[in-house]
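Asker: Any chance you can model this:
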Amino acid sequence: MLASLPGSAPRQARRTLDIVKVTRAIDAAVHRDWTIDELAALCHFSPQRFRARFAELAGMPPSTYVRQRRLDAAQAQLRAGVPLETVALQVGYASASALCFALRRDRGVGARSLRGN
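Answerer: Prediction:
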C-alpha cells in the first residue's frame with residue numbers, strides 16, 4: 001500500500017539470512033567465543049540487522065543459539081564417555097564446573113546423569 005503512494009520508493013525484497021551457514025560455522029568452532037559482529041559478517045549483515053533477523057527466524061537471540069549449540073555438543077560428547085573436563089574445554093567453557101552449571105541451568109540435567117554414572 002505504501003509503495004502505491006506518489007513519491008514513495010519501491011520496497012526492496014529482504015535479504016535472506018542463511019541459518020544453515022551460521023550453524024555450520026558455529027559447529028565447526030563451537031569452542032570459539034563468537035561475537036555478533038563475527039556472525040553477522042558471515043552473512044554480510046550489520047550486527048543490528050543480523051541480531052533482529054536471526055531472532056525473527058530462529059526464535060531466539062544469536063547468543064542463546066550459540067549457547068544451545070555448545071550444550072548440544074557437550075551432551076553428545078558426555079554421552080559418548082568423553083571426560084567432563086575435556087568436553088568443557090572443547091565446547092568453549094572455562095571449566096568443568098561452568099559447563100555443569102550451564103547444563104543444569106539450561107537443560108535441567110547434570111553431567112553425571114549424561115555419563116550414566
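
Asker: what comes into contact with the helix ranked longest in the chain?
Answerer: Secondary structure of the chain per DSSP state H: the longest helix is helix 62-79. Helix 62-79 is touched from outside by 22-23, 26-27, 30, 34, 36, 39, 50-51, 54-55, 58, 60, 84, 86-88, 90-93, 99, 102-103, 106-107, 109, 111, 114-116, with contacts defined as C-beta atoms under 8 Å, 6 or more residues apart in numbering. All C-beta atoms are positioned from the backbone trio N, CA, C, and that covers glycine.

Asker: okay, now the nearest residue to residue 84 once chain neighbours are set aside: neighbour count?
Answerer: Leaving out its chain neighbours, the residue that sits closest to residue 84 by C-beta to C-beta, 6 or more residues apart in numbering is residue 96, at 4.6 Å. Residues contacting residue 96 under the criterion other C-beta atoms under 10 Å number 16.

Asker: Who are the contact partners of residue 96?
Answerer: Contact partners of residue 96, counting by C-beta under 8 Å, 6+ apart, are 84-85, 87-88, 111.

Asker: Residue 88 against residue 98, yeah?
Answerer: Yes. The pair residue 88 / residue 98 is scored as a contact, 6.7 Å apart, by C-beta atoms under 8 Å.

Asker: out of those two, which sits in the busier spot?
Answerer: Per other C-beta under 10 Å, whichever of residue 88 and residue 98 has more neighbours is residue 88, with 24 against 12.

Asker: three-state assignment of the more buried one?
Answerer: helix (DSSP: H, G, I helix; E, B strand; the rest coil).

Asker: Run a quick neighbour tally on the residue lying closest to it once chain neighbours are set aside.
Answerer: In space, and not counting its chain neighbours, residue 88 is closest to residue 99: 4.1 Å by C-beta to C-beta, 6+ apart. Per other C-beta under 10 Å, the neighbour tally for residue 99 reads 24.
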